[in-house]
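Participant: Turn this into a structure:
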Amino acid sequence: MNTKAFLEPMGSWAWWRSWFLIFFGCILMGTGFVLFVNPYNFVPGGVYGMGIVLHNIFPSVQVGTFGYMFDIPLMITAMLVFGGQFGTRTVLAALFTPGYMNVLTRLVYPTPEAVESLDPAQLLGGRLNLSDDLLLTCIIGAVIIGVGQGIVVRQQATTGGTDIVAMLLQKFAGIKFSTGIFLADGFVVLSGLVVIGFGLGTGEADPRGWMLTLYSLITIYTTSRVIAYLLDGASYDKLLFIISEHHEELKRFIIEDLDRSATYIKAKGMYTDRQRDMIFLVVSRKEVHLVQHQIREIDPRAFVVVTDAYETFGEGFKQFPDKNTIQAE
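Facilitator: Got it, this is the predicted structure:
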């Protein structure tokens, strides 16, 4: 019976489609890094951004290999700390992507020396050398990486990396998840500036160091916007209606961990005819998955409705527009 329950999903089209999309997303992401990010020393945060930094110090080690060096210990640590919430999809996506990047890198460069230097002049025989159009290059790379990551996340998987670092910072340092992502990616970008721009560890400072840092920030921003659009469309915030019996635990989480507030709304069950409080909560789209996970941890039987909040004004969100302010929409 257990074997049948394990194998049964493999007979459905949805199961095969989901796995195809996960690997397709990983391939897109890896291709974006190999063709448009790694050769130009952009450092777009995350474990692969750190891999680019370290590749400049240890050119004999590929960027994907550094991805393994970071991702595997991070996933093991996360499993020990958080339990088995990291499923098979995340593990396989995190293991497949660096390996694919290593294989593709060897295919698009003609010699082992070119693989070490990641010289864009030798990329595909020089046919894809975009050294004179770095802004266009970083935008193209960011869009491809963002589409790939967005596809993977839509299939309920991740590629590990700074998401795990942010979760660990939240648990042990009390830092909000979004702030943890910012700190982790910011550290990687600054490391790139120090190593590539100032030549620490390499002995050769790139005269374009500051510009490469700016291009890296453009890459991070563009990638995040593409991922957000794939996951949530054009909406900006999420509105949650939460019905639960564990109000005190949810209240502590919302006020202390999210650093937000919420509103109780009096509600009455139609079937039970019983009065109860419903929580009205608005969060950013980056926080919604964290909130859903925490609600599940606190009260698996909670009833939650998530909907789009296209405009949210007030403390912690946007300011009310002035009378003569020009609106984008």
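Participant: Which helix runs longest in the chain?
Facilitator: What stands out as the longest helix in the chain, according to DSSP state H, is helix 209-232.
Participant: between the next helix or strand along the chain from it and helix 209-232, how big is the angle?
Facilitator: The helix or strand immediately downstream of helix 209-232 is strand 237-243, counting by DSSP states H and E. Angle of strand 237-243 versus helix 209-232, following axes from the mean of the first three to the mean of the last three C-alpha atoms, to 10 degrees, is 50 degrees.
Participant: still on that earlier bit, may I see the buried residues of the longest helix of the chain?
Facilitator: Residues of helix 209-232 classed as buried by neighbour count (16 or more other C-beta atoms under 10 Å): 209, 212-213, 215-220, 222-224, 226-228, 230-232. Backbone N, C-alpha and C define where each C-beta goes, glycine included.
Participant: Report all helices and strands that it contacts.
Facilitator: helix 134-154, helix 177-192 (3 or more C-beta pairs under 8 Å, 6 or more residues apart in numbering; DSSP states H and E).
Participant: which sections of the stretch 1-150 of the chain are below the confidence cut-off?
Facilitator: Applying pLDDT under 70 to the stretch 1-150 of the chain flags the ranges 1-11, 83-87.
Participant: That one: helices as residue ranges?
Facilitator: 2-7, 13-32, 46-57, 63-82, 88-108, 112-117, 134-154 (DSSP state H, counting those that start in this stretch).
Participant: ok now the last one, how far from the chain's centre?
Facilitator: Going back to what we said before, that points to helix 134-154. 11 Å (C-alpha atoms, centre = their mean, to the nearest Å).
Participant: same question, the fourth one
Facilitator: Per C-alpha atoms, centre = their mean, the displacement of helix 63-82 from the mean C-alpha position of its chain is 15 Å.
Participant: Give the buried residues for it.
Facilitator: 63, 64, 65, 66, 67, 68, 69, 70, 71, 74, 75, 78.
Participant: Sticking with the residue lying farthest from the centre of the chain, tell me its helix or strand.
Facilitator: Farthest-out residue of the chain from its mean C-alpha position, per C-alpha atoms, centre = their mean: residue 273, at 43.1 Å. Per DSSP H and E: residue 273 is located in neither a helix nor a strand.
Participant: Offset the numbering so it begins at 31, please.
Facilitator: Renumbered: residue one is now 31, and that last one reads residue 303.
Participant: Could you check how many residues crowd around residue 219?
Facilitator: 22 (other C-beta atoms under 10 Å).
Participant: which ones are touching it?
Facilitator: 73, 74, 75, 79, 243, 246, 247, 250 (C-beta atoms under 8 Å, 6 or more residues apart in numbering).
Participant: Distance-wise, check the fourth one relative to residue 56.
Facilitator: For residue 79, the distance to residue 56 (C-beta to C-beta, to the nearest Å) stands at 17 Å.
Participant: Skipping its backbone neighbours, what lies nearest the residue nearest in space to the middle of the chain in space?
Facilitator: In the chain, the centroid-proximal residue (C-alpha atoms, centre = their mean) is residue 193; its distance is 6.3 Å. Take residue 193 and drop its neighbours on the chain: the residue closest to it by C-beta to C-beta, 6 or more residues apart in numbering is residue 211, 7.2 Å away.
Participant: dump the residue contacts of that neighbour.
Facilitator: Contacts of residue 211 by C-beta under 8 Å, 6+ apart are 192, 193, 196, 316.
Participant: can you check residue 176 too?
Facilitator: So residue 176 contacts 252, 253, 254, 255, 256, 257, 260 (C-beta under 8 Å, 6+ apart).
Participant: need the residues you listed in TSV with distance to residue 285 and pLDDT, can you?
Facilitator: Output for these, formatted as TSV (distance: C-beta to C-beta, whole Å; pLDDT from 0 to 100):
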residue	distance to residue 285	pLDDT
252	34	92
253	31	89
254	26	84
255	29	83
256	32	88
257	28	83
260	31	81
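Participant: Now flag whichever of these is closest to residue 224.
Facilitator: residue 253 (22.1 Å; C-beta to C-beta).
Participant: so the closest one touches residue 177, yeah?
Facilitator: No: between residue 253 and residue 177 there is no contact under C-beta atoms under 8 Å: 9.3 Å.
Participant: What about residue 226, how many residues nearby?
Facilitator: The burial count assigned to residue 226 is 26, neighbours taken as other C-beta under 10 Å.
Participant: if I've got this straight, it is in a strand?
Facilitator: No: per DSSP: H, G, I helix; E, B strand; the rest coil, residue 226 lies outside any strand segment and is helix.
Participant: residues in contact with it?
Facilitator: Taking C-beta under 8 Å, 6+ apart, one finds 71, 73, 83, 86, 232, 235, 236, 239, 242 in contact with residue 226.
Participant: Between the two ends of stretch 299-307, what distance do you get?
Facilitator: When the termini of stretch 299-307 are compared using C-alpha to C-alpha, to the nearest Å, they are 10 Å apart.
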